[in-house]
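> Just to be clear, the model below is a prediction. Sequence and coordinates:
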Amino acid sequence: MSDRFVLLSGCSGGGKSALLEELARRGHAVVEEPGRRIVQEELAAGGSALPWLDLAAFARRAVAVALADRRRMADRPGPVFFDRGLIDAASALEASGGEPVVAALAAAHRYNRKVFLTPPWPEIYAGDAQRRHGFDAALAEYARLETTYAMLGYETVVLPKVPVSQRADFLLARLAE
């Protein structure tokens, strides 16, 4: 299963969601970012498991959602592309002062050995109702994730800063190597 599960990670606001939409348009199975779904649910319900209110609670929910996403996609044939996933959530939980779970979860739930990172791209970065942190926080997150994936033995592939269709072509070509 792990070879079929492909992670898109990297800098917040770096174009992961647009790339995921392009991959879906091309007929690939995709899983939207757990964090964005959680923020939408929490805002709608007046909840507090939000990264700017209670990062640890938010990250714990993101871990649970990411695990559920993996289970939901287990029988799906072919590659499945995840906008973030379990390792990003576990890394956020540790960074928030929560439980040290990255190594254990990553060992039990592997993804494809190639992880595709969207680099910091200030020209396209934009905050919104669900992304309230600034670009400096996005840069810190990127550095943390880059270190985490290397520590876990993943090969990180930095996506080029090109139009989304070319990014998808690049990703699919590198995945096929």
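Received the coordinates, thanks.
> what's the pLDDT at the closest residue to Glu33 other than its chain neighbours?
For Glu33, ignoring the flanking residues on the chain, the nearest one in space by C-beta to C-beta, 6 or more residues apart in numbering is Asp83 at 4.1 Å. Every residue, glycine included, has its C-beta placed from N, CA and C. pLDDT for Asp83: 93.
> Can you name the next helix or strand after the biggest helix by length in the chain?
Taking DSSP state H as the criterion, the chain has its longest helix at helix 55-73. Of the helices and strands lying after helix 55-73 in sequence (DSSP states H and E), the nearest is strand 80-83.
> Name the residues that touch stretch 16-26?
8-10, 30, 32-33, 36, 81, 83-84, 118, 159, 164-165, 167-168, 171 (C-beta atoms under 8 Å, 6 or more residues apart in numbering).
> which ones among the residues you listed are found in strands?
8-10, 30, 81, 83, 118 (DSSP state E).
> And those residues, which two are furthest apart?
Of all pairs drawn from these, the greatest distance, 16.1 Å, lies between Gly10 and Val30 (C-beta to C-beta).
> picking that back up, next, count neighbours for the residue nearest to Glu33.
25 (other C-beta atoms under 10 Å).
> OK, contacts around it?
8, 16-17, 20, 30-33.
> cool, Ala66 as well?
34, 82, 84-86, 88-89.
> If we use 7 Å, what do you get?
Contacts for Ala66 (C-beta atoms under 7 Å, 6 or more residues apart in numbering) come out as 34, 85-86, 89.
> Kindly export stretch 75-82 (C-alpha atoms) in PDB.
Taking C-alpha atoms only, stretch 75-82 is exported to PDB below (Å, rounded to 0.1, in the frame of the first residue of the first chain):
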ATOM      1  CA  ASP A  75      -8.500  -0.600  -1.400                       C
ATOM      2  CA  ARG A  76      -8.400   2.100  -4.000                       C
ATOM      3  CA  PRO A  77      -6.300   0.900  -7.000                       C
ATOM      4  CA  GLY A  78      -3.400   2.900  -8.400                       C
ATOM      5  CA  PRO A  79      -1.700   5.900  -6.900                       C
ATOM      6  CA  VAL A  80      -3.400   8.000  -4.400                       C
ATOM      7  CA  PHE A  81      -2.200  11.600  -3.900                       C
ATOM      8  CA  PHE A  82      -2.500  13.100  -0.400                       C
END
